[in-house]
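Visitor: Below is the structure, and that's it, no one-letter string:
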């Protein structure tokens, strides 16, 4: 209860002091009850004394860090003294003082502590010189202050003027001057001259009175301009150029029309001020740009350069002002002379201002637009012979370029990009990219809306090498070879600054553009060459690029003819026997791996048939090279580093060439099958058959020779050599892609040569048609012989149908498939309206017609194009023309 009573009493006193409300006021009880309720039920904890000690210790440490040792010692001493007098409220009091503190490190004055000390009582009165003089009688002893004549009366006294009269005067002066006691008690303040400065203020007001003088009308009613002196105009001009507000010029820098220089005509004065106005507006635009808030580092460095040169011009103005404020010699206030003195410095700032003005007019622009304008302005200044402006702009350009080079250097040396940097012309994809697509999918060249490269125009010739070098660094990091590359960078980076590029006397006549490009190429090459060479060596030596090319060329180009024959013969046997195994993925893969096992890794090799293009009818599939063979696909899995060079589009070109070679093999295989004659004699059309068969074999062999000897072999050799000498990965990709495209064109597989390709396939289909007709005729003759021999052959000695009808015996053992083919051919013969001889003549005529069309088409296409493939097409046309016959084949 004592606590509540004390709390109530203290709260009553607190409310009275704070609110100043009398106890009779109804509001008093409301304030009192509210205060008591909050004090009784507050949820605030007591002050943490340890936290207070930590804060005080922190302040002491901060004082010492900021070299306030005396302040820290004073705080430490008083805290130690406070420990002897502390109570339970001490932490609260100290916490309250900490909350009231406001920058004690800067605002605390130790001298204020002296006011807290109690004055020391004087134990005894102090004695003064006045009391001593009064006590000793100095004031009454007049002779004490007289000069003493130590030489007596002599001529020297008269010569030097030491006489009694002077001593008397000195005595009187001593008696009337302040006492020696007063002299020893004087301070510095006693010697200060009290002056209110009214005279100086009035002088200033008189000098500046022209600012407040309004225009005066003359007798004829015209306004008379206020006359001002040269020095006043010069002061206003210098202040205006320094960016200060003036009376003679408004805020925009235009001269006020109410003032005129004394003894000078208005037109001359106006022309002179207009010249200064041009300077002022130029400087104003530069100051506005220098004070603007920019967040992009590339603009900030240009802004800093502008501010630095403007500040240098202001220092020049300060030197001129010093000559007139504190002249060391006579100076003439000449506006024309000052303008001539400032003009060389202003010429450089004017060139810089033109760059800023162009950027201001073209907003919004790219941040590197400043670099482009500086580059162009420096080149123009050099071209017209303004060497000072050229050196000035070129130095600023290289200073600003260093910021852009930091991003390029980071990309070319570490393969990294500055996060959220929209000024660089390379961007990184945020999506996950597979390793085999890291070269083209992870990083992209940033482009504008117009499709142009987002980079300064003077860097665009080297943008590809910059882009390639950074990508090479990332690939080497993925391969674990980046550290080896860093150890190779032992040379010093070529300089790329103003003194390195433009200060050589021997290159004084070279255009700035050429000087920069040469220096920048050296700078790029120092980083590009080593990186690209290292990656190329790693791809060939460690990633198996060379062995992968060997495997692909054996699989798709048939470099080993025996391997291709092994694959083709197995495939064709399944086709000829109408076996569905030829389109079975597992069977086809097994055949492929067995055929090419000596030239490729079998686990990487697979084969399949495209279900969308496969022909369901087995008979139709074997009767044409168009229907079955193009659907066969061979795949060879490559390592992801090799896939960086060998694109899928190039592998598709390989597949197209493989299909053509397989179709040629099909035609040759059909014509060269070996049959053994069993009890039959040559037919009457054997001569025509042999002629047509020979021409078809010649065509297949000639075309195969052209493809291998004239197209693939030299193309592969050239491609391999170019890959070895390629500068970087992009060049390697371009070499291989160009090789694949040229092989497709030279093999007559291009889109423009589609009619010629169809003509070739028609001729190959004639080979299958020829052999089918031959086989059908043999079956027909066998059946005729069988019918005539039934009368002479005993039934007990009759043989199976297959043994009788098969005049030719195949080398394989698939008799069931052969019988099915024979039945199909027999039915086709019975349904034909043409005889065997007519069929042979038709095949021969079609061959001649297709051959003429192919030869003429190749000639026409070769004449119509300028590609390197035209010469090859001409050679193929000449090879085809050899076997074109002009004779009438009616004799056959």
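Guide: Perfect, thanks for sending it. Since the model is a prediction, treat every value here as computed from it, not as a measurement.
Visitor: Could you report the pLDDT at the nearest residue to residue 752 once chain neighbours are set aside?
Guide: Nearest residue to residue 752, sequence neighbours excluded (C-beta to C-beta, 6 or more residues apart in numbering): residue 861, at 6.9 Å. For glycine as for every other residue, the C-beta is placed from the backbone atoms N, C-alpha and C. Per-residue pLDDT puts residue 861 at 92.
Visitor: secondary structure element for residue 861?
Guide: Assigned by DSSP states H and E, residue 861 belongs to helix 836-864.
Visitor: Now do the SS call for residue 47.
Guide: coil (DSSP: H, G, I helix; E, B strand; the rest coil).
Visitor: Quick check, pLDDT for residue 497.
Guide: 87.
Visitor: Enumerate every residue touching the closest residue to it other than its chain neighbours.
Guide: Spatially, and ignoring its direct neighbours in sequence, residue 497 is nearest to residue 398 (4.9 Å; C-beta to C-beta, 6+ apart). Applying C-beta atoms under 8 Å, 6 or more residues apart in numbering, we find residue 398 in contact with 496-498, 501.
Visitor: Pull the most distant pair out of the residues you listed.
Guide: 496 and 498 (9.5 Å; C-beta to C-beta).
Visitor: so residue 635 is in which element?
Guide: Using DSSP H and E, residue 635 falls in strand 632-636.
Visitor: Buried residues of that strand, list them for me.
Guide: By neighbour count with 16 or more other C-beta atoms under 10 Å, strand 632-636 contains the buried residues 632-634, 636.
Visitor: Could you report the neighbour count for residue 420?
Guide: 5 (other C-beta atoms under 10 Å).
Visitor: Give me the phi and psi angles of it.
Guide: When quoted as degrees, to the nearest 10, the phi and psi of residue 420 stand at phi 60, psi 30.
Visitor: give me the low-pLDDT residue ranges for the stretch 151-300 of the chain?
Guide: 151-196, 209, 213-224 (pLDDT under 70).
Visitor: Which parts of it are helices?
Guide: 155-160, 164-176, 180-184, 198-207, 230-241, 266-291, 297-325 (DSSP state H, counting those that start in this stretch).
Visitor: Could you dump those into CSV with distance to residue 477 and mean neighbour count added?
Guide: Below are the helices of the stretch 151-300 of the chain laid out as CSV (distance: least, C-beta to C-beta, whole Å; neighbours: other C-beta atoms under 10 Å):
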stretch, distance to residue 477, mean neighbour count
helix 155-160, 102, 10
helix 164-176, 99, 12
helix 180-184, 86, 12
helix 198-207, 73, 10
helix 230-241, 56, 20
helix 266-291, 41, 17
helix 297-325, 26, 16
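Visitor: So which of these is nearest residue 402?
Guide: Of all these, it is helix 297-325 that lies closest to residue 402, at 7.5 Å by C-beta to C-beta.
Visitor: so that closest one versus helix 266-291, what angle?
Guide: 140 degrees (axes from the mean of the first three to the mean of the last three C-alpha atoms, to 10 degrees).
Visitor: Which strands or helices does helix 297-325 pack on?
Guide: helix 230-241, helix 266-291, helix 335-361, helix 369-383, helix 387-414 (3 or more C-beta pairs under 8 Å, 6 or more residues apart in numbering; DSSP states H and E).
Visitor: Find the least confident helix or strand in the chain, judged by mean pLDDT.
Guide: Every helix and strand in the chain was compared by mean pLDDT, DSSP states H and E; the lowest is strand 676-677, with a mean of 34.
Visitor: which of the residues in the helix or strand following it are buried?
Guide: Heading C-terminal from strand 676-677, the first helix or strand you meet, by DSSP H and E, is helix 686-705. With burial defined by 16+ other C-beta under 10 Å, the residues of helix 686-705 counted as buried are 688-689, 692-693, 695-696, 699-700, 703-704.
Visitor: Average the pLDDT values over stretch 515-535 and round to the nearest integer.
Guide: In the prediction, stretch 515-535 has an average pLDDT of 89.
Visitor: distance between it and the chain's centre?
Guide: 17 Å (C-alpha atoms, centre = their mean, to the nearest Å).
Visitor: same thing with stretch 691-708?
Guide: Relative to the centre of its chain, stretch 691-708 is centred 56 Å away, using C-alpha atoms, centre = their mean.
Visitor: now swap in stretch 746-761 and tell me
Guide: The chain centroid and the centroid of stretch 746-761 are separated by 44 Å under C-alpha atoms, centre = their mean.
Visitor: and the residue positioned nearest the centre of the chain, what does it touch?
Guide: By C-alpha atoms, centre = their mean, the chain has its centre lying nearest to residue 424, at 3.1 Å. By C-beta under 8 Å, 6+ apart, the contact list for residue 424 reads 407, 411, 417-418, 446.
Visitor: From those, list the buried ones, please.
Guide: 407, 411, 417.
Visitor: relative to helix 836-864, how tilted is the longest helix belonging to the chain?
Guide: Using DSSP state H to define each element, the chain has its longest helix at helix 754-789. Computed by the same axes, to 10 degrees, the angle separating helix 754-789 from helix 836-864 equals 170 degrees.
Visitor: Now do the buried residues in the strand or helix carrying residue 31.
Guide: Assessed by DSSP H and E, residue 31 sits inside helix 26-40. For helix 26-40, the neighbour count (16+ other C-beta under 10 Å) marks 28, 31-32, 35-36 as buried.
Visitor: any idea how far residue 268 lies from residue 724?
Guide: Using C-beta to C-beta, to the nearest Å, residue 268 is found at 78 Å from residue 724.
Visitor: Repeat that for residue 273.
Guide: Residue 273 is 73 Å from residue 724, by C-beta to C-beta.
Visitor: Checking residue 456 next. Helix, strand or coil?
Guide: coil.
Visitor: residues near it, how many?
Guide: Using other C-beta under 10 Å, residue 456 has 20 other residues around it.
Visitor: again with the one 4 residues further on
Guide: Here the neighbour count serves as a burial measure; for residue 460 (other C-beta under 10 Å) it reads 12.
Visitor: Check what pLDDT it gets.
Guide: At residue 460, pLDDT is 91.
Visitor: For the closest residue to it other than its chain neighbours, which residues are in contact?
Guide: Nearest-residue entry for residue 460: residue 453, 5.5 Å, with adjacent residues in sequence omitted and distances by C-beta to C-beta, 6+ apart. Contact partners of residue 453, counting by C-beta under 8 Å, 6+ apart, are 425, 445-447, 460, 463.
Visitor: Tell me which of those residues fall in helices.
Guide: Short answer: the contacts of residue 453 in helices (DSSP H) are residue 463.
Visitor: Would you reformat the contacts of residue 453 as CSV and include distance to residue 540?
Guide: Output for those, formatted as CSV (distance: C-beta to C-beta, whole Å):
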residue, distance to residue 540
425, 30
445, 27
446, 32
447, 33
460, 31
463, 27
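Visitor: Just give me the closest of the contacts of residue 453 to residue 333.
Guide: Looking across the contacts of residue 453 and measuring by C-beta to C-beta, the closest to residue 333 is residue 460, at 53.5 Å.
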